[in-house]
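[1] here is the input, now give the coordinates:
(4 chains)
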There are 2 protein chains.
Amino acid sequence: MTIASRKQKEREDMRSLILDAARKIFLEKGYYDTSMRNIAEEIQYSAGTIYLYFKDKDEIFHALHEEGFRRMLEKMQPLGHVSSPFERLKALGRVYLEFAFENKDFYDLMFIMQAPIKHEADHEDWKMGHRTLDFLKTILSECKIEGYFKGKNVEYLSFAIWSGVHGMAALYCRDRCKAYHDIDPKDLIEHGYKYFVNMLEKL
Amino acid sequence: MTIASRKQKEREDMRSLILDAARKIFLEKGYYDTSMRNIAEEIQYSAGTIYLYFKDKDEIFHALHEEGFRRMLEKMQPLGHVSSPFERLKALGRVYLEFAFENKDFYDLMFIMQAPIKHEADHEDWKMGHRTLDFLKTILSECKIEGYFKGKNVEYLSFAIWSGVHGMAALYCRDRCKAYHDIDPKDLIEHGYKYFVNMLEKL
DNA sequence: TTGTTTTACTGAACACCGTTCATTATTTTT
DNA sequence: AAAAATAATGAACGGTGTTCAGTAAAACAA
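    Coordinates of the predicted model:
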């Protein structure tokens, strides 16, 4: 009993240890330039050991994927306190972009990186992602009740809005903001989002 | 003379041969899952030979990058015939998304893939990219002359608009449209863009 | 306490990768 | 025909993800 539970705790600790190291190196060097040996070295174990705790490199990726969504949802919790749905929507976009800006590599992992997608483990995997998207859709429905977005379909509208903020985040994460030589990416996103909100207000 | 020029032609033919094979396999398996040996096998040469024509894998990537922009600009040429600037803007967005949809992997290569960026060869490399962005900015300026987008800065506005369409394209390319289980990505993009245009019209 | 089983870990091995380079075969120049 | 230049090869280097026989330590049974 005591020993079995200790064993289980040790197992979980080891998984955490690996995950922490993996996150550190993934976010430092990116998915493909991080090797299992790199991760193993970081925690002073042999590479083979990692395979006792994770099926493969991909499973580590997906564990971090989930952690990213947990963090994002956490950052969104306070939005419940914004009473007006439309204000909540505007704040959501700002929080989303803030998250992307402050957690560039997590964001990349969650929304841009090519998840190798091996066994359609999507169902479990995207639970958190759906929670986030539902958050947006719910707000949009509430906005509609208040008279916003008349005649617009919530599904399509959520996609358009998600795309709007994701586009900025993605261009930022993958260094395409450089196309605007001398403008600070932060300014681009700030002003870009301002205009985007202008558009939403009038829709 | 005759022989020197023939040699040069042979060199260019060989580069084309490699590039064609590389494009085929890149776009089939993605950048990281394509090996130099794969490309070599496709054209029935040894892997070493490729290095006589391209410095490294990265240089092949960048050559394709450029080709992508050439193709995109070509697809945009007919837009010159659309007389109204705002109509031209709407058509530009549509053409952009069409390009992304029909050339998923080229689009990925051009706007999403992490270009390893080795020697700041950006300057030469992004010439085509800037041409494309300038195309958008010019149209926006013309729209302003006609009274659209009053008080809006062309730089920031272009970023917001680019982000809007890029967002949809990027979510599509990296399979995040799956978050909408049963809706066809094509529908998402079509309706999403429709709403986006609605917003632009009112801005 | 001893012997046995289970668990945790290692490190060598496999088949791949990008890249380099000495060697060979071919073509051009002298 | 001999020499020089060019083109192509394939072995080699140090890396990759992953597997697995072997070993050492811990848990259990007697």
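
[2] flag every buried residue along stretch A:183-198.
    Applying a neighbour-count criterion of 16 or more other Cβ atoms under 10 Å in any protein chain shown, one finds A:185, A:188, A:189, A:191, A:192, A:193, A:195, A:196, A:197, A:198 buried in stretch A:183-198. Quick note: C-beta positions are derived from backbone N, CA and C, even for glycine.

[3] out of those residues, which comes closest to DNA strand D?
    Top of the list for closeness to DNA strand D, among these and by Cβ to the nearest atom of the strand, is residue A:185 at 29.9 Å.

[4] how far away is the residue nearest to that closest one when sequence neighbours are not counted from DNA strand D?
    Once flanking residues are discounted, residue A:185 sits nearest to residue A:177: 4.1 Å by Cβ to Cβ, 6 or more residues apart in numbering or on different chains. When Cβ to the nearest atom of the strand, to the nearest Å is the yardstick, residue A:177 and DNA strand D sit 29 Å from each other.

[5] name the SS class of residue A:177, please.
    Classification of residue A:177 by DSSP: H, G, I helix; E, B strand; the rest coil places it in helix.

[6] can you pull the residues of chain A lying near DNA strand D?
    Residues of chain A lying close to DNA strand D by Cβ under 7 Å from any atom of the strand are A:3-4, A:6-7, A:34-38, A:47-48, A:51, A:56-58.

[7] chain B next: which of those are close?
    Checking those against chain B by Cβ under 8 Å from any Cβ of the partner chain, not one of them is in range.

[8] between those, which is nearest residue A:73?
    Closest approach to residue A:73 among the residues of chain A next to DNA strand D (Cβ to Cβ): residue A:58, at 23.0 Å.

[9] what average pLDDT does the helix or strand encompassing that closest one get?
    Under the criterion of DSSP states H and E, residue A:58 resides in helix A:57-76. Mean pLDDT, helix A:57-76: 93.

[10] the domain parsing of chain A - what is it?
    A:1-54, A:57-202 (automatic domain parsing).

[11] residues of the longest helix along chain A that come out buried?
    What stands out as the longest helix in chain A, according to DSSP state H, is helix A:2-29. Neighbour counts over helix A:2-29 (16+ other Cβ under 10 Å) mark A:14, A:17, A:18, A:19, A:21, A:22, A:23, A:25, A:26, A:27 as buried.

[12] residue A:23 is in contact with residue A:67, correct?
    Yes - here residue A:67 reaches residue A:23: they are 7.5 Å apart, a contact under Cβ atoms under 8 Å.

[13] low pLDDT regions in chain A?
    A:1, A:115-125 (pLDDT under 70).

[14] by proximity to DNA strand C, which residue of it wins?
    Of all residues in chain A, residue A:48 sits closest to DNA strand C, at 2.3 Å by Cβ to the nearest atom of the strand.

[15] one step back: I'd like to know how far the residue nearest to residue A:185 sits from residue A:168.
    For residue A:177, the distance to residue A:168 equals 9 Å [Cβ to Cβ, to the nearest Å].

[16] between these two, what contacts are shared?
    A:188, B:159 (Cβ atoms under 8 Å, 6 or more residues apart in numbering or on different chains).

[17] the two: which is more packed in?
    residue A:168 (30 against 21; other Cβ atoms under 10 Å in any protein chain shown).

[18] please, which helix or strand holds that one?
    Short version, using DSSP H and E: residue A:168 is in helix A:154-173.

[19] circling back to that earlier point, so which elements touch the helix holding residue A:58?
    The helices and strands touching helix A:57-76, judged by 3 or more Cβ pairs under 8 Å, 6 or more residues apart in numbering or on different chains; DSSP states H and E, are helix A:2-29, helix A:85-102, helix A:104-107, helix A:122-125, helix A:127-145.

[20] spell out which residues of chain A are next to DNA strand C.
    Proximity of chain A to DNA strand C, by Cβ under 7 Å from any atom of the strand, involves residues A:7, A:10, A:11, A:14, A:44, A:45, A:46, A:47, A:48, A:49, A:52.

[21] at 10 Å instead, please
    A:4, A:6-8, A:10-11, A:13-14, A:17-18, A:36-37, A:40, A:43-53 (Cβ under 10 Å from any atom of the strand).

[22] without its sequence neighbours, what residue ends up closest to residue A:133?
    residue B:179 (5.4 Å).

[23] what's the neighbour count on the one you found?
    Using other Cβ under 10 Å, residue B:179 is surrounded by 20 other residues.

[24] contact partners for it?
    Applying Cβ under 8 Å, 6+ apart to residue B:179 gives the contacts A:126, A:129, A:130, A:133.

[25] so the last one touches residue A:158, yeah?
    So that's residue A:133. Yes - applying Cβ under 8 Å, one finds residue A:133 in contact with residue A:158, separated by 6.9 Å.

[26] re the thing from before, need the winner for burial among the domains of chain A.
    domain A:57-202 (a mean of 18; mean count of other Cβ atoms under 10 Å in any protein chain shown).

[27] circling back to that earlier point, filter the buried residues of stretch A:183-198 down to the ones in helices?
    A:185, A:188, A:189, A:191, A:192, A:193, A:195, A:196, A:197, A:198.

[28] dump the residue contacts of the second one.
    Applying Cβ under 8 Å, 6+ apart to residue A:188 gives the contacts A:168, A:172, A:177, A:180, B:155, B:156, B:159.

[29] among these, which one lies nearest to DNA strand D?
    residue A:172 (26.5 Å).

[30] need the contact list for the closest one.
    Here residue A:172 is in contact with A:100, A:101, A:104, A:185, A:188, A:189 (criterion: Cβ under 8 Å, 6+ apart).

[31] which two in the residues you listed are spaced the farthest apart?
    Between any two of the contacts of residue A:172 (Cβ to Cβ), the greatest distance is 14.6 Å, for A:104 and A:188.

[32] check which helix or strand residue A:44 maps to.
    Here residue A:44 is assigned to no helix or strand, by DSSP H and E.

[33] next, give phi and psi for it.
    phi 60, psi 40 (degrees, to the nearest 10).

[34] coming back round to it: what's the longest helix of chain A packed up against?
    When contacts are defined as 3+ Cβ pairs under 8 Å, 6+ apart, helix A:2-29 packs onto helix A:36-42, helix A:57-76, helix A:104-107.

[35] good, we can wrap up now.
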